[in-house]
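**Q** A structural model of the following input is requested.
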Amino acid sequence: MTLSPKTPILVGSGQSLQRPNDPRTASFNTAADPVALMVEAIRLATADAGLTSLPALDALRVVGLLSWKYGNPAWLIAQDLGVSSREYALSAMGGNTPQSLVNAAATEIQNGQADIIVLTGGESTRTKARAKKAGAELTWRKTGADVPAPTAVGEDLVMVSEYEIQRKIVMPVQVYPMFETAIRARAGRSVQDHQKHISELWSRFSNVAAKNPNAWSQNAVSAEDIRTASPSNRMIGFPYPKFMNSNNDVDMGAALIMCSVEKAEALGIPRDRWIFIHSGTDCHEHQFISERWTFAETPAIELGGKLALQNAGVGIDDIGIVDLYSCFPAAVQLGAQSLGLDINAQLTRTGGLPFAGGPWNNYVMHAIATVMNDLRNAPNELGLVWANGGYTTKHAFGVYSTQPPKEAFKHAYPQDQIDAMPRRSVAKAAEAVGPATLEAYSVMHDRDGKPAMVHAACLLADGRRAWGESTDATLGSAMCTEEFVGRAVELDAAGVVHVK
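**A** Below is the predicted model of the structure:
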């Protein structure tokens, strides 16, 4: 097969981290800030590509970060590296972003709009939190008025409706437990059996992290320890104790170098470093969870994944290396179900966000970097990466291999088809007074491990969704041991849910 000179490839990856016992963290202001972690990751990616330095870039794109506001972090990175770029960019927010940036860069390279692009992201969340706790003021850099604002890249999406805001259901730790209860009820498992099921899934993930040299935590955790609440594993939003939640309290960076085949050959990058991206997809569910038809299905994952595989000319059974987004167990189960993957298969290459580390929007850049190395060690395999942002809202897929694609890289954005899928209407509290059926719920706990707030999604007789809540600790406790999905409830004018 003759390769087009504009064929997009990944040629280098790098991952960096610092832990609290790293000598650099002795003084908070001398610790590696996010830019320093990204610079280190790019240098590692440069070496990974077999280069001693980077040439002038067409674009340097940074994943939107939360632990420090720089102004234009890409410009600072370029200054530290001594490299120039035509574009200095900062992405929109969302865990889907790293894969979406790869998809966009591949499209631009294929279309001849760019020859070489560097993607990077990093967070120093743990150092920032430690500094705050110590009362220390960080003096990390920011760009001044003389530096232009970064180019904005990526798709921003409002993901919280007025109904969710009114009920203060705005955090993933509140929402993903609802998905979990819906999944559990559909599977027909008891509360206890389902806790065992998801703790075993998470234990398998921790076993992968334990062998990942770039993972934040390299301690394998037993299923029993994961599902058992304890002082070090307090219940947060039932059914999830701490070990089942994404760990964003990390200092981590990652980087990818992408270019055309023509540019790789001109730079002398060895062929054994090349990773081809065969296809990519971007899409999102109905953006508000209130409007989703069910919390136990993710049709956008199903369609987006199907198109990514179809455009690569392969089926799910052809994929040997997989990394699914893994902020909470519900995400992995929904992803595996929608993609047709066995839940007992190896569904992570990093160890997932709770164990390998979840640096806010940038986890998937670590996943892609890890998958690249795994593919180089298994050159006949195909890799699939699924990225997710929001509340299993925004999705991005990539199919990778050391071998060229059967056809040119293809990108799909099937949003029109997803937008046409059924969606729920939402009833305001005053319209929902009366009988309903409990559809899904989460039980938020206080820091002492006691039930504090029940959030309940309910269905009315006419099919509309309504939100309910309760501060009844007796009800909250019962919901942690018995199945309440499917029960008849009453909603009062204040939206308080009363179980019949």
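
**Q** Flag every buried residue along the helix or strand containing Ala209.
**A** Element membership for Ala209, per DSSP states H and E: helix 191-210. Residues 191, 194-195, 197-210 are the ones in helix 191-210 that count as buried (16 or more other CB atoms under 10 Å). To be clear about C-beta, it is placed using only N, CA and C from the backbone, and glycine gets the same treatment.

**Q** do stretch 443-458 as well
**A** 443-445, 451, 453-458.

**Q** out of the residues you listed, what pair is the most spread apart?
**A** Between any two of the buried residues of stretch 443-458, the greatest separation by CB to CB is 21.4 Å, found for His445 and Cys458.

**Q** Which residues does the helix holding Ala209 contact?
**A** Applying CB atoms under 8 Å, 6 or more residues apart in numbering, the contact partners of helix 191-210 are 180, 184, 187, 189, 215-224, 226-227, 239, 243-244, 326, 329, 332-333, 343, 346-352, 354-356, 480-483.

**Q** so Phe243 sits right up against Leu353, yeah?
**A** No - Phe243 is beyond contact range of Leu353, at 11.5 Å (criterion: CB atoms under 8 Å).

**Q** and of the buried residues of stretch 443-458, the nearest to Trp140?
**A** Among the buried residues of stretch 443-458, Met444 lies closest to Trp140 (CB to CB), at 33.4 Å.

**Q** Bridge partners for the closest one, pull those for me.
**A** Gly237, Met453 (DSSP bridges).

**Q** Contacts only, for Val160.
**A** Residues counted as contacts of Val160 (CB under 8 Å, 6+ apart) are 170, 288.

**Q** So it: helix, strand or coil?
**A** Of the three states, Val160 takes coil under DSSP: H, G, I helix; E, B strand; the rest coil.

**Q** In this protein, which residue is most central in space?
**A** Centroid-nearest residue in the chain, with CA atoms, centre = their mean: Gly95, separated by 3.7 Å.

**Q** In this model His366 seems to touch that one, though I could be wrong.
**A** No - Gly95 is not in contact with His366 according to CB under 8 Å; the separation is 11.4 Å.

**Q** The stretch 351-500 of the chain: strands as residue ranges?
**A** 382-389, 394-401, 410-412, 434-445, 451-459, 465-470, 488-491, 497-499 (DSSP state E, counting those that start in this stretch).

**Q** Sheet-wise, list the partners of the last one with their directions.
**A** Meaning strand 497-499. Counting by DSSP bridges, the strands paired with strand 497-499 are strand 488-491 (antiparallel).

**Q** partner residues bridging Trp280?
**A** Wrong residue type there; residue 280 is Gly, not Trp. Gly398, His411.

**Q** Report how many residues lie close to it.
**A** A total of 30 residues lie near Gly280 under the criterion other CB atoms under 10 Å.

**Q** Closest one of the buried residues of stretch 443-458 to Arg423?
**A** Ala457 (14.1 Å).

**Q** tell me the contacts of that closest one?
**A** 178, 295, 438-441, 465-468.

**Q** quick one: which of those is most hemmed in?
**A** That'd be Tyr441 among those, by other CB under 10 Å, with 28 neighbours.

**Q** Kindly provide the distance from Ser217 to Met38.
**A** 22 Å (CB to CB, to the nearest Å).

**Q** Next one: Trp360 from Asn207, what distance?
**A** Where Asn207 is concerned, Trp360 sits at a distance of 24 Å (CB to CB).

**Q** show me where the stretch 151-300 of the chain has strands.
**A** For the stretch 151-300 of the chain, the strands defined by DSSP E, counting those that start in this stretch cover 151-153, 235-238, 240-241, 251-260, 275-284.

**Q** Tabulate those in a markdown table, adding columns for distance to Ile169 and mean pLDDT.
**A** As requested, these are exported to a markdown table (distance: least, CB to CB, whole Å; pLDDT from 0 to 100):
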| stretch | distance to Ile169 | mean pLDDT |
| --- | --- | --- |
| strand 151-153 | 28 | 97 |
| strand 235-238 | 11 | 98 |
| strand 240-241 | 15 | 98 |
| strand 251-260 | 29 | 98 |
| strand 275-284 | 19 | 98 |
